[in-house]
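In: how would this look folded up:
(one chain, ligands or ions: 1)
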Amino acid sequence: MELSTEPIREEQKFITSLYARLDDLRDRAEAAVGAALGTTGTGSAQSRLERDIMVAEQSGLLAAFNAGETGLCFGRLVFRDGADHHIGRIGLREDDPRRTPLVVDWRAEVARPFYLATGHEPMGLSRRRHITTKGREVVSLHDEVLDLADRSRSGHEGRDADEVLLAALDAARTGRMHDIVQTIQAEQDAIIRSPHRGVLVVEGGPGTGKTAVALHRAAYLLYAHREQLARRAVLIVGPNPAFLGYIGNVLPSLGETGVLLATPGELYPGVRATGTDTPRAAAVKGDVRMAAALAGAVRDRQQVPGRDAPLVVPHEDGDLVIDRDMALEARHRARETALPHNLARPSFVFRILDALAEQLADRIGADPYGGPNFLGPDDIALLAKGVAANPDVHAAVDGLWPELTPEDFLADYLADPTHLPEEDAAAIRRDGGAWTPGDVALLDEAAELLGHDDSAARAAQEAERQRQVQYAQGVLDVSFASRTYEFEDKEELDEDASEVLSAHDIIDAERFAERHEEADHRTAAERAAADRTWAFGHIIVDEAQELSAMQWRLLMRRSPTRSMTLVGDPAQTGDPAGVGSWEAILAPYVEDRWQHVRLGVNYRTPAEIMAVAAAVRREDDPAFEPPGSVRSTGVEPWDRTTADPVGATAEAVLAEARAEGRLAVIAPAELLPALAAALPDASHGEQPDLSRPVVLLDPRQAKGLEFDTVLVVDPDGIRAGAPHGTNDLYVALTRATQRLGIVRRA
Ligand SMILES: Nc1ncnc2c1ncn2[C@@H]1O[C@H](COP(=O)(O)OP(=O)(O)OP(=O)(O)O)[C@@H](O)[C@H]1O
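Out: Numbering: from 1, shown residues only. The predicted model follows:
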């Protein structure tokens, strides 16, 4: 139809010009990075610093330009007052003095009517257009007329934007999550742009877009508060590595890189938690009582000699005796500092050393007739020095109040857990072995209780800083000398020249050295990943219902501002240590100062599949209401009972395999080896490749993921296999976007 190709041609022309601008900007950024990197090794510390900043800035821009390559522009808003804006994944401006906007970032306030305007509330819009592109080519337009007085027609009008949404929901899956900027729904937009600064809890059933919303909120916050957040980084916590791989591309596709993705088991720098706990051990390790138990165990490491067993250290001037009272007094004073164990330790050590020096002085200089001590202050100081230098004294003090690392302390504790009821202690007792995700929160707790005495490291750092100050002073002196020389050379050493500022005038050596030091090449996210005490600008927790009380303690330490978005669904809780209720999670940290929002529409699972999943839940909870599905496909799930579930699954995989899309087999963990043997092409294991056509998972690994087709094997086994087995089965049944098959064991 002639009428309809004209608007497409017009949009194509615009979009072609937009990509030309993008190419130009990208070339410039690339050239700038290339040129800056080419200067390696030359110039002063100052110019190297400037180079580093430039490279970082331009690389960030490059990432954003590369993100703009797909779906650069996807919408257009025509306002009744004549204003006309294209909306895109990133914003671009014309290269003119006024820097005229070409395409507006979806996060800008002007773009909001794209997501919110309705016939009832047109928000000043006359027309909203969805532009669908493939590569750089416009393939279709979808117009909505919001101003009833507007009689003009483009030939691309539809009733509303549902067509575009349904096309996105129906599309074959690729194994990686995609952004939803073209079709964010109004209820989702409200959460993404929520001005709430503290803890925001987003709750919703399966497929309601919780993950999508959380990721877009991160992108929005990075846009709206770039200054703070780019420096402090955003942390996104997800349940397992496969899930992080699944969502890992969404933020880069929106041009954002200042984000650290991690599982709860990855939050203690330097430790990889490769072990697994039994459900019982996980529950005990996650319980908040562990905090008190560990605190008790740390106090137990602060010892005093028995009443009748003082420690005796031979010394050249006679034995030194550390008795119970002396140690009790020193311990009392050290504990009074309220510092963590390792930081309170010097107080304990000095008290003992002082007391021993006094003991010696009393013995050596005592006046047998009761007069004052014969020794002068210098003699006593000398004695104290001798005591402090005695390695045996230090060994004895170490035995009473040892310096502890979190790793050594926790390994010792797990070998013989104390301050717990015996059945709990038995569940976690372990000698050696790999750290588990449950241990990570305990290591962090231990690190807090122990503290890190970094006085030696800080002294070394200060020495290095002094060295840098001296170096910087040298650089500045050279630059000052050369200034005189240059100016003399150019015969400019006159009144005016003294107005010209040189580095020497505006910066002193100390400040110069500091700036040099700041040139840390790592991004904020990389520095955050290596620093246990990093305070993140914002934290997003997906599948938040899975985290234990001890893991919450760890996360809250990383978020002193409590700027957090927590998304989850208590009905999907699988972890035996999961806290379960938002009140229970949050009360200890923010009391009731948190906001709770709900998402109520299921975008993933068609109504036919949701009916089967809901029936499973209703067996336990007859009043259970799942979120309503936004679409139905007319394809009923199938259900088969067989004596050979592995063979039947292999057959079903063959029958269900499609040219496009992904299929997942979800089965109890103990069936996975047999299924893997029967399905040699399926990807499986710790971190399965979700982009492969067939993937084999246990229900825990399937959390948060989705596939076109899902085969659930041995649902009764899934249900019986874990403390929250019904929740696990519910998760498995709600992963499909198109087809579901169930293979039961006869
Ligand atoms: N506005 C939207 N436009 C297009 N797709 C959407 C939209 N909202 C959600 N989706 C899609 O719906 C699917 C489910 O979203 P998501 O995974 O975020 O749900 P969830 O609530 O985290 O689910 P679960 O709790 O089951 O893991 C995804 O494919 C997502 O891209």
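In: Might you list the low-confidence residue ranges for the stretch 151-300 of the chain?
Out: 151, 154-155, 158-161 (pLDDT under 70).
In: Please identify the residues of it in proximity to the ligand?
Out: Selection of the stretch 151-300 of the chain residues close to the ligand by Cβ under 6 Å from any ligand atom yields 165, 168-169, 180, 183-185, 188, 204, 206-212. Where C-beta positions appear, they are placed from N, C-alpha and C, glycine not excepted.
In: and what of the chain?
Out: Residues of the chain lying close to the ligand by Cβ under 6 Å from any ligand atom are 165, 168-169, 180, 183-185, 188, 204, 206-212, 569, 572, 603-604, 704, 706, 734.
In: out of the residues of the stretch 151-300 of the chain next to the ligand, which are buried?
Out: Neighbour-count burial (16 or more other Cβ atoms under 10 Å) applied to those gives 165, 169, 180, 183-185, 188, 204, 206-212.
In: can you tell me which of those are in strands?
Out: Using DSSP state E, the subset of those located in strands is Gly204.
In: The residue of the stretch 251-400 of the chain found nearest the ligand - how many residues pack around it?
Out: Residue nearest to the ligand within the stretch 251-400 of the chain: Ser253 (12.1 Å; Cβ to the nearest ligand atom). Around Ser253 there are 21 other residues, counting by other Cβ atoms under 10 Å.
In: Surely it and Ala67 touch.
Out: Yes - between Ser253 and Ala67 there is a contact at 5.5 Å, judged by Cβ atoms under 8 Å.
In: Please identify every residue contacting each of these two.
Out: Both Ser253 and Ala67 are in contact with Arg89, where contact means Cβ atoms under 8 Å, 6 or more residues apart in numbering.
In: State the number of residues packed around the residue of the stretch 301-450 of the chain found nearest the ligand.
Out: In the stretch 301-450 of the chain, the residue found nearest to the ligand is Pro437; the distance is 19.3 Å by Cβ to the nearest ligand atom. The number of residues packed near Pro437 is 25, by other Cβ under 10 Å.
In: Can you point out the buried residues in stretch 259-272?
Out: Per 16+ other Cβ under 10 Å, stretch 259-272 contains these buried residues: Val259, Leu260, Leu261, Thr263, Pro264, Gly265, Glu266, Leu267, Tyr268, Val271.
In: Ok, stretch 191-201 next?
Out: For stretch 191-201, by 16+ other Cβ under 10 Å, it's Ile191, Ile192, Arg193, Ser194, Val199, Leu200, Val201.
In: Same check on stretch 170-188?
Out: Buried, per 16+ other Cβ under 10 Å, within stretch 170-188: 173, 175, 177-185, 187-188.
In: And these, which two are furthest apart?
Out: Gly175 and Glu187 (27.4 Å; Cβ to Cβ).
In: on that earlier part again, filter the buried ones among the residues of the stretch 151-300 of the chain next to the ligand down to just the ones in helices.
Out: Using DSSP state H, the subset of those located in helices is Leu165, Leu169, Gln188, Lys210, Thr211, Ala212.
In: Might you report the residue contacts of the residue of the stretch 551-700 of the chain found nearest the ligand?
Out: Closest to the ligand within the stretch 551-700 of the chain is Tyr603: 3.5 Å, counting by Cβ to the nearest ligand atom. The contact partners of Tyr603, taken as Cβ under 8 Å, 6+ apart, are Leu165, Leu169, Gly207, Thr208, Gly209, Val630.
In: Please identify which of those is nearest to the ligand.
Out: Of all the contacts of Tyr603, the ligand sits closest to Gly209, with 3.2 Å by Cβ to the nearest ligand atom.
In: Please report phi then psi for that closest one.
Out: Note on Gly209: backbone dihedrals following degrees, to the nearest 10 are phi 90, psi 20.
In: go on, Thr533?
Out: When read as degrees, to the nearest 10, the backbone of Thr533 gives phi -100, psi 10.
In: Find the residue closest to it in space, skipping its chain neighbours.
Out: Setting aside the residues directly before and after it, Thr533 is nearest to Arg557 in space (Cβ to Cβ, 6 or more residues apart in numbering), at 7.9 Å.
In: if I pick the one you found, what's in contact with it?
Out: Asp444, Glu448, Thr533.
In: okay, now the closest residue in space to His452 that isn't next to it in sequence: neighbour count?
Out: The shortest distance from His452 to any non-neighbouring residue, by Cβ to Cβ, 6+ apart, is to Asn342 (6.4 Å). A count of nearby residues for Asn342, using other Cβ under 10 Å, gives 21.
In: What is the strand or helix carrying Asn342 packed up against?
Out: Secondary-structure assignment from DSSP states H and E places Asn342 in helix 341-365. Contact here means 3 or more Cβ pairs under 8 Å, 6 or more residues apart in numbering; DSSP states H and E; on that basis helix 341-365 packs against strand 320-322, helix 324-336, helix 377-388, helix 391-400, helix 437-450.
In: any chance of those in CSV, with distance to Leu311 and mean pLDDT too?
Out: Shown next, in CSV, are the helices and strands packed on helix 341-365 (distance: least, Cβ to Cβ, whole Å; pLDDT from 0 to 100):
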stretch, distance to Leu311, mean pLDDT
strand 320-322, 4, 94
helix 324-336, 8, 96
helix 377-388, 14, 84
helix 391-400, 5, 94
helix 437-450, 23, 96
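In: Out of those, which is the most enclosed?
Out: helix 437-450 (a mean of 24; mean count of other Cβ atoms under 10 Å).
In: gap between it and the chain center?
Out: Here helix 437-450 is found 18 Å from its chain centre; the criterion is Cα atoms, centre = their mean, to the nearest Å.
In: Does anything pack onto it? Which helices or strands?
Out: Helix 437-450 sits against helix 279-286, helix 289-300, helix 341-365, helix 406-415, helix 549-557, with contacts defined as 3+ Cβ pairs under 8 Å, 6+ apart.
In: tilt between the third one and helix 406-415?
Out: Helix 341-365 runs at 90 degrees relative to helix 406-415, counting by axes from the mean of the first three to the mean of the last three Cα atoms, to 10 degrees.
In: average pLDDT across helix 341-365?
Out: Mean pLDDT, helix 341-365: 91.
In: Please identify the buried residues of that helix?
Out: 341-349, 351-353, 355-361.
In: In which helix or strand does Asn709 reside?
Out: Small correction: residue 709 is Thr, not Asn. Using DSSP H and E, Thr709 sits within strand 707-713.
In: mean confidence score for that strand?
Out: Here the average pLDDT along strand 707-713 is 96.
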